[in-house]
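[1] just to be clear, the model below is a prediction. Sequence and coordinates:
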Number of protein chains: 2
Amino acid sequence: MPEIMPPDSVGLVQPQVLHFEEPLELDCGRTLPSYDLVIETYGSLNADASNAVLICHALSGHHHAAGYHSMDERKPGWWDSCIGPGKPIDTNDFFVVSLNNLGGCHGSTGPCSVNPEDGRVYGPDFPVVTVRDWVHSQARLADRLGIRQWASVVGGSLGGMQALQWSISYPDRLRSAVIIASTPRLSAQNIAFNEVARRAISSDPDFHGGRYAEHNTLPRNGLRLARMVGHITYLSDASMGEKFGRELRDHVYQFGMGTEFQVESYLNYQGERFSEHFDANTYLLMTRVLDYFDPARDFDNSLSKAVSGGNCRFLVISFSTDWRFAPARSEELVDAMIDARRDVSYAEVDAPWGHDAFLIPTPRYTNLFTRFMKRVAWEGQHAAS
Amino acid sequence: MPEIMPPDSVGLVQPQVLHFEEPLELDCGRTLPSYDLVIETYGSLNADASNAVLICHALSGHHHAAGYHSMDERKPGWWDSCIGPGKPIDTNDFFVVSLNNLGGCHGSTGPCSVNPEDGRVYGPDFPVVTVRDWVHSQARLADRLGIRQWASVVGGSLGGMQALQWSISYPDRLRSAVIIASTPRLSAQNIAFNEVARRAISSDPDFHGGRYAEHNTLPRNGLRLARMVGHITYLSDASMGEKFGRELRDHVYQFGMGTEFQVESYLNYQGERFSEHFDANTYLLMTRVLDYFDPARDFDNSLSKAVSGGNCRFLVISFSTDWRFAPARSEELVDAMIDARRDVSYAEVDAPWGHDAFLIPTPRYTNLFTRFMKRVAWEGQHAAS
């Protein structure tokens, strides 16, 4: 909670809910008859609507990417370090749009919403969406906001997949894409970790086949386990070592099964906190969205064919200690882009924090990101003048 | 199941149970009043008992390391690839002793045993043992077998920790130690994965505080999850990719939460199978044995002080894609040994299988291991003649 608003903050922000009546056909073959998207915006849209940036969130993210909902809010939005005046996504230059994706649990239509067709909460019946479905829904959002072409579509991790998919699905509707700590497809190991998370949730006796709400309960334990596993994959061995090492809670070994090491305590706390506010059906959905993402699949398994359309400029960033989506995965994407003669800049940033590094501002990362976005802003003004 | 016994097999083997009446004082401050150890032996002890090799098992291992219990047994012992005539631990040279450790669930005294003091199954009351406790119990086993000094103490992973501890606790009672795919202490990340496993087991409603036997149930789901997480850490991203990639079970996306990818199917099968035969309290114990191992702790946190006693020769082997106990962890140990002017040979073997590589015979690994053991055998004969 800020005592006074920091000068580089976008300040107090308010989410807004947009309702869409036109049915959305999904990859799974089902159709969402209507849906809501909750968004936040930061900065101002310019006269020719050429300065809009779309922020795409990762697995457990949401629309609240920057600023504060109130002066009492403990922490700002999840990517406040990168969005605001003077920050990489500079709100002096850009009109920033951040949404909660379909299937989410922060206000957009998802498993916790009521199905208009039968008046019942969707729960496990909410359709399995894909990155492509999200991008379609985001294109409609752009239409609604009067944005024909994004200056940039930006995201880390699963968010980066959406930026990539934008360049494939709507190559003319973005001037640039920023793909951070991401991958063109999950590996078997990535899917395996997701499966452990899914199994932990679905085997929790409180899950009730996803109908926990009707049983007035929550599969808290499963969610906690899922988050604990996930959390380990977001950090690096080195950063966990740096932060916790083998530090004990009580200085001597207790020779029991209680919490002994600080890292256990931290992990249990993270899991516990997460399980109190995140929806289990949404978590399951999000892991499947990750698993299914594989744009090369639609192009004879050729990633370079997949990325060959359009003219948008790419910035791809990876982090040296990210073992969830390691630099090699970004390089695979970059190689395909080079093969397809796309305009791509790539950097592997040296940072100790593993996958989470995309959320942590470090000079090389933010400077690189800033310079790229400045160029995008300059080219937007230049083209418009 | 072999149709005919392979010529390089130790053949049909039989476990034997040794009972120890002398109480064993444990690191946790408690005492085991008496206990059983189940062992197997392969090869023959020579006249001066100078050719004995002790095999120490890893987390879910046991005494059945080589050969077959019957011609109907589907698979030989867990390290059959390395133990037998002409194999690295050549039974023409050595008398090999393999045991199930205290706390295990394969015949040695552990949580499934009856506490002689109250006639009740130990369950969660079985004391938390340590690598040091195990080594003490193994020293008594050596006494019982008339072995004053091991030609070698050998182990992979947690087994390697026991070999290392032998060189510290009983420096005069071994001529060599082979420490494979191991580490001188767990990292925060290692402990974190163990904690997820423990939490999965202990939060299973069928766990009943470890008294599941009395409730005629088993915490199968928790064990399954624990094993799934563990299994991912035993393999490398590359080997999982090689084996499963993104292969689907049914060729097309099902857009559901059922088993979709082959890797999910494999992982669920592994977890399921494990949960049917492994004891949950033992699993909890074994993870704590791993967590607590930290021999430097007894020597002002100096690993080189810890390894400075005695004259045994060391062979340390790591595997390039092992991310559970990465080569850097073995190098830390080797550096401490060099610092302490110990006789140590070290190799990082290039192998794609992650941590499990220690169980898989590859030419460079087995040749290296064989040459070292041949030298140990030769020196034993030389010293004896």
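    Cool, got the structure.
[2] grab the nearest non-local neighbour of residue A:372.
    residue A:315 (4.6 Å; C-beta to C-beta, 6 or more residues apart in numbering or on different chains). C-beta: built from backbone N, CA, C; applies to glycine.
[3] now do the SS call for that neighbour.
    Here residue A:315 is strand, with the state taken from DSSP: H, G, I helix; E, B strand; the rest coil.
[4] cool, and residue A:318?
    Using three-state DSSP, the three-state assignment for residue A:318 comes out as strand.
[5] what about it, neighbour count?
    The tally of other residues near residue A:318 (other C-beta atoms under 10 Å in any protein chain shown) stands at 28.
[6] okay, it: pLDDT?
    The predicted local distance difference test score for residue A:318 is 98.
[7] show me the contacts for it.
    Taking C-beta atoms under 8 Å, 6 or more residues apart in numbering or on different chains as the criterion, residue A:318 is in contact with A:180, A:181, A:325, A:326, A:327, A:329, A:330, A:331, A:346, A:347, A:348, A:349.
[8] just the buried members of those?
    Among the contacts of residue A:318, those classed as buried by neighbour count (16 or more other C-beta atoms under 10 Å in any protein chain shown) are A:180, A:181, A:325, A:326, A:327, A:329, A:330, A:346, A:347, A:348, A:349.
[9] next, the angle from the helix of greatest length in chain A to strand A:313-319.
    Ranked by residue count and defined by DSSP state H, the top helix of chain A is helix A:363-384. Relative orientation of helix A:363-384 and strand A:313-319, computed by axes from the mean of the first three to the mean of the last three C-alpha atoms, to 10 degrees: 170 degrees.
[10] can you give me the strands in chain A?
    Under the criterion DSSP state E, strands of chain A are mapped to A:16-20, A:24-25, A:31-32, A:35-42, A:52-56, A:95-99, A:114-115, A:120-121, A:152-156, A:176-180, A:313-319, A:344-349.
[11] who are the packing partners of the last one?
    The helices and strands touching strand A:344-349, judged by 3 or more C-beta pairs under 8 Å, 6 or more residues apart in numbering or on different chains; DSSP states H and E, are strand A:313-319, helix A:327-339, helix A:363-384.
[12] okay, those, which one's buried deepest?
    Among the helices and strands packed on strand A:344-349, judged by mean count of other C-beta atoms under 10 Å in any protein chain shown, the one packed with the most neighbours on average is strand A:313-319 (a mean of 24).
[13] now do the longest helix of chain A: distance to the chain's middle.
    Distance, stretch centre to chain centre, for helix A:363-384: 21 Å (C-alpha atoms, centre = their mean, to the nearest Å).
[14] from the contact counts, what lies against it?
    In terms of contact count using 3+ C-beta pairs under 8 Å, 6+ apart, helix A:363-384 is assigned the packing partners strand A:176-180, strand A:313-319, strand A:344-349.
[15] the same query, at a cut-off of 7 Å, please.
    On a contact count with 3 or more C-beta pairs under 7 Å, 6 or more residues apart in numbering or on different chains; DSSP states H and E, helix A:363-384 meets strand A:313-319, strand A:344-349.
[16] quick one: these as a markdown table, columns for distance to residue A:87 too.
    What follows is those, written out as a markdown table (distance: least, C-beta to C-beta, whole Å):
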| stretch | distance to residue A:87 |
| --- | --- |
| strand A:313-319 | 15 |
| strand A:344-349 | 17 |
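[17] between these, which one is closest to residue A:175.
    Of all those, the one in closest proximity to residue A:175, counting by C-beta to C-beta, is strand A:313-319 (6.9 Å).
[18] what angle separates the closest one from strand A:176-180?
    Computed by the same axes, to 10 degrees, the angle between strand A:313-319 and strand A:176-180 is 10 degrees.
[19] adjacent strands (with direction) for strand A:313-319?
    For strand A:313-319, the pairing partners within the sheet under DSSP bridges are strand A:176-180 (parallel), strand A:344-349 (parallel).
[20] distance to residue A:378 added to the ones you listed, as a markdown table?
    Formatted as a markdown table, the entries for those read as follows, by distance: least, C-beta to C-beta, whole Å:
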| stretch | distance to residue A:378 |
| --- | --- |
| strand A:176-180 | 12 |
| strand A:344-349 | 15 |
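[21] in CSV, list the ones you listed along with mean pLDDT and distance to residue A:25.
    Below are these laid out as CSV (pLDDT from 0 to 100; distance: least, C-beta to C-beta, whole Å):
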stretch, mean pLDDT, distance to residue A:25
strand A:176-180, 98, 24
strand A:344-349, 98, 31
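[22] among those strands, which is nearest residue A:374?
    The minimum distance between residue A:374 and the strands paired with strand A:313-319 falls on strand A:176-180, with 11.7 Å, by C-beta to C-beta.
[23] would you map out the domains in chain A?
    Domain segmentation of chain A under the TED database yields A:16-185+A:298-382, A:190-288.
[24] dump those domains into JSON lines; add distance to residue B:38 as well.
    Written out in JSON lines, the entries for these read as follows (distance: least, C-beta to C-beta, whole Å):
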{"stretch": "domain A:16-185+A:298-382", "distance to residue B:38": "39"}
{"stretch": "domain A:190-288", "distance to residue B:38": "24"}
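[25] leaving out the residues flanking it, which one is nearest to the residue nearest to the spatial centre of chain A?
    Note on chain A: the residue nearest the mean C-alpha position is residue A:58, at 1.7 Å, using C-alpha atoms, centre = their mean. Counting by C-beta to C-beta, 6+ apart, residue A:157 is the residue found nearest to residue A:58 once chain neighbours are left out, at 4.0 Å.
[26] any idea how many residues pack against residue A:236?
    Neighbouring residues of residue A:236 were enumerated by other C-beta under 10 Å; the total is 24.
[27] and the helices and strands packed on strand A:344-349 as CSV, adding distance to residue B:212?
    Rendered in CSV, the data for these read as follows (distance: least, C-beta to C-beta, whole Å):
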stretch, distance to residue B:212
strand A:313-319, 43
helix A:327-339, 42
helix A:363-384, 49
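[28] helices along chain A, start to end?
    In chain A, the helices defined using DSSP H lie at A:131-145, A:158-169, A:188-202, A:220-234, A:237-243, A:262-277, A:280-292, A:303-306, A:327-339, A:363-384.
[29] identify the residues contacting residue A:160.
    Contacts of residue A:160 were listed using C-beta atoms under 7 Å, 6 or more residues apart in numbering or on different chains, and they are A:179, A:180, A:181, A:182.
[30] ignore the last one, residue A:257
    Contacts here follow C-beta under 7 Å, 6+ apart; on that basis residue A:257 touches B:198, B:202, B:284, B:288.
[31] again, 6 Å this time
    Listed by C-beta atoms under 6 Å, 6 or more residues apart in numbering or on different chains, the contact partners of residue A:257 are residue B:284.
[32] same question, residue A:206
    Under the criterion of C-beta under 6 Å, 6+ apart, the contact list for residue A:206 reads A:212, A:217, A:219.
[33] still on that earlier bit, now the strands of chain A as CSV including distance to residue B:358?
    As requested, the strands of chain A are exported to CSV (distance: least, C-beta to C-beta, whole Å):
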stretch, distance to residue B:358
strand A:16-20, 56
strand A:24-25, 51
strand A:31-32, 51
strand A:35-42, 51
strand A:52-56, 42
strand A:95-99, 48
strand A:114-115, 52
strand A:120-121, 50
strand A:152-156, 36
strand A:176-180, 36
strand A:313-319, 30
strand A:344-349, 31
